[in-house]
Every structure is written in C-alpha cells, then in structure tokens.
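Q: quick one: sequence and predicted model below, then my questions.
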Amino acid sequence: MKAIAKRKVFRVLGVLAAILVLVLVGLSLMFMTAVGPGNFGRLVLGIGTSYDKTPPQISAKLADPAILIFSKTNGFRDDAQIVAANRALEEIARQRGWGSYTTENAAIFNPDQLARFKAVIWNSVSGDVLTSGQRDAFRNWMEKGGGFVGLHGAGGDPQYAWRWYVDDLIGSQFIGHIMDPQFQMATLNVEDRSHPATRHLGPTWRRTDEWYSFATNPRDKGYRILVTIDEGTYRPEEKLLPFTKPKNIRMGADHPMVWTHCVKDGRAFYSALGHAASTYQEPQHREMIAGAISWAAGLQGPGCANGKEITS
C-alpha cells in the first residue's frame, strides 16, 4: 500500500511539474510577444560581456574630417536597427565628403586611433563595452575637444557599469520605454530651432517611435534641450504583460528627447529617437543626425570650452 501511495504522490508531483513547465513556457512566449524578441536582451544586460584588446587596422587614406561609427553591444541588441543606422550614417558621411569608419571593435578607443576622428557616433551601443584603459582614452579624447553623438539605445540601458558615461556624457538614466503598443505616434516639440541638428525642422514634428523616459531632466543640469515630447499625445506607460499593471514612465510637461551639452572642451549630442530600422530612411530624422554629427565634429558652431558653449 505504501508503494502505491508513493507512486501516486510521484505521479501528482510529475503532473504539477509538467504544468509548471508549461506555465513558464507560456509566460515566456507571452513576454517575448509583448516585449519583442530583441528587447529580451534588456534582461540579460552584462551577461556574456566581451572586451576587445587588439585594435582594428584603419586605412591610411581615411578622408578628413572623419567620423567613427561604433555599434558594439554587450547587452540588448536590435540588429536590424543597428544595420540600418550604420548604413545611413555611412551614406551621410559619403554625401558630405567626410571619411567614416564603422566597427564593433572597442579596442579602437585608444589615443592614437581616436586622434584620427572628429566625432564618434555610438549607435545603440549597450552593455559594458570598454576596458578601463579604453574608457580613459575615450574620456580624455572627449574632454579635450572630441565630439560624441549618441543614438537611441546608446542612452537606453537600465543600468550602467561606467557612471561617467551615463551621468556626464548622456546626462540622465534611462528608466523605460513605452510598451503595449511598443510604437506610438506622438508630437515632438522642437523648442530650439537654431542648432545645426534642428534648423530644418518646424515647431512640431509628428512621428512614430518607441519613446524613452529618463529618471531626471537633463535641463536641470544646464543642458541645451532641442526637442521635447508632448506626453498628452501618446501613452507614457510600460506594460510588459497583458495581466500586469502598467508602469508609469511619465516625466511630466517637460520631457526632453534630444539634447546637447559641453563636456569640458568636447561636444556631446544625444537623441532618444530611432528604434525602428525604417526611421533611418525618414528625411527629417536623417537631416537631424547629419546636423548633429556636423556640430559634434566641430564643422558648425557653437563650440565648447571649459564646459560652456562658445559662439566665436
């Protein structure tokens, strides 16, 4: 009798285990459907981190001025977006007669090779990608007059191993993006139309994207805010699963999306726009990025000195 009872217990436990597995699989599928397969990478940020030690070979014939296009990911990665944006950046450089070099080899962040570039574009870079020596080289280059353009996911990690990057270069910590649905049409307010990145835009800009929110307002740090978003024109909530309570990611009436600032003598630009690959074919978006690079590379003013903008 005891043996029969044990077998029944084991059968019940087996059934319960099978049900648990099915539930977990179902939840995983629901989560992946809600979040999108690429966004699952946000949960594994830092896992599988790799560092590059051997710098790439750069052609001696690289045109001047030259821009560095960098898209290494050790966290979340949307390959379609990265490929599309890299292609658009290369086209922008070619159309304007700039040299460009595209790589995911972080060992290029060394003093000798960085000196060959006027600006570096971090195209949705994620995770911890630079060694301590590479961090020092990049920071020194930046503070001594380099130019930085961060696009979308370059400011979209839920946590950072390098605080200087998020606190001083990007300027604010990402806290989430809209979900359910992931892409929504909204109205952007172009509040500064005198900057090279926004001169071509009208007072408002209607477009569809995955909209980011941040823990603090970079305006409070004295940053120059170019574009904000009207939270009344979309739903600022992040809802990962149908039966969960939405996370409120509202920033309020002043919700910056595009901004610039000086990092000592260097110029820093960040845009939270541009999740979908298709956005890099939008003429206005491409023109904004082109203007941002031109400014960051020092080809158009204003410049930066000792942490402040200079106009002459």
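A: Cool, the structure landed.
Q: which stretches of the stretch 101-250 of the chain form helices?
A: For the stretch 101-250 of the chain, the helices defined by DSSP state H, counting those that start in this stretch cover 111-114, 132-143, 163-164.
Q: got CSV for those helices, with mean neighbour count and distance to residue 70 too?
A: For the C-beta atoms, the positions are set from N, CA and C on the backbone; glycine is no exception. Conversion of the helices of the stretch 101-250 of the chain to CSV gives the following (neighbours: other CB atoms under 10 Å; distance: least, CB to CB, whole Å):
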stretch, mean neighbour count, distance to residue 70
helix 111-114, 15, 11
helix 132-143, 18, 10
helix 163-164, 12, 17
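Q: now render those helices as a markdown table, adding mean pLDDT.
A: A markdown table is the format used below for those (pLDDT from 0 to 100):
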| stretch | mean pLDDT |
| --- | --- |
| helix 111-114 | 98 |
| helix 132-143 | 98 |
| helix 163-164 | 98 |
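Q: now the ones you listed in TSV, with distance to residue 126?
A: Rendered in TSV, the data for those read as follows (distance: least, CB to CB, whole Å):
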stretch	distance to residue 126
helix 111-114	21
helix 132-143	16
helix 163-164	16
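Q: ok, which stretches of the stretch 201-312 of the chain are strands?
A: 204-209, 212-214, 224-229, 237-238, 247-248, 256-263, 266-271, 303-305, 308-310 (DSSP state E, counting those that start in this stretch).
Q: quick one, which of the helices of the stretch 101-250 of the chain is nearest to residue 241?
A: Between residue 241 and the helices of the stretch 101-250 of the chain, the tightest spacing by CB to CB is seen for helix 163-164, at 31.2 Å.
Q: residues contacting the closest one, please?
A: In this structure, residues lying in contact with helix 163-164 by CB atoms under 8 Å, 6 or more residues apart in numbering are 135, 139.
Q: what distance separates it from the centre of its chain?
A: 15 Å (CA atoms, centre = their mean, to the nearest Å).
Q: and if you look at stretch 120-129?
A: Remark: stretch 120-129 is offset 7 Å from the chain centroid, using CA atoms, centre = their mean.
Q: cool, stretch 260-279 as well?
A: Once both centres are worked out by CA atoms, centre = their mean, stretch 260-279 turns out to sit 8 Å from its chain's centre.
Q: cool, stretch 86-104 as well?
A: Computed by CA atoms, centre = their mean, the chain-centroid distance of stretch 86-104 equals 18 Å.
Q: make 29 the starting number, not 1.
A: Taking 29 as the first residue, the last one we looked at is stretch 114-132.
Q: quick check: end-to-end length of it?
A: The first and last residues of stretch 114-132 sit 11 Å apart, counting by CA to CA, to the nearest Å.
Q: and that stretch, what's buried?
A: When neighbours are counted by 16 or more other CB atoms under 10 Å, the buried residues of stretch 114-132 are found to be 114, 116-118, 120-121, 126-132.
Q: would you point out the most distant pair within the residues you listed?
A: Across the buried residues of stretch 114-132, the longest distance by CB to CB is 20.1 Å; it joins 126 and 132.
Q: about what we covered before: would you reformat the strands of the stretch 229-340 of the chain as CSV and include mean neighbour count, mean pLDDT and distance to residue 324?
A: Supplementary listing: these in CSV, determined by neighbours: other CB atoms under 10 Å; pLDDT from 0 to 100; distance: least, CB to CB, whole Å:
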stretch, mean neighbour count, mean pLDDT, distance to residue 324
strand 232-237, 16, 98, 21
strand 240-242, 23, 98, 20
strand 252-257, 23, 98, 13
strand 265-266, 18, 96, 30
strand 275-276, 12, 96, 33
strand 284-291, 24, 98, 8
strand 294-299, 25, 98, 5
strand 331-333, 18, 95, 10
strand 336-338, 13, 93, 13
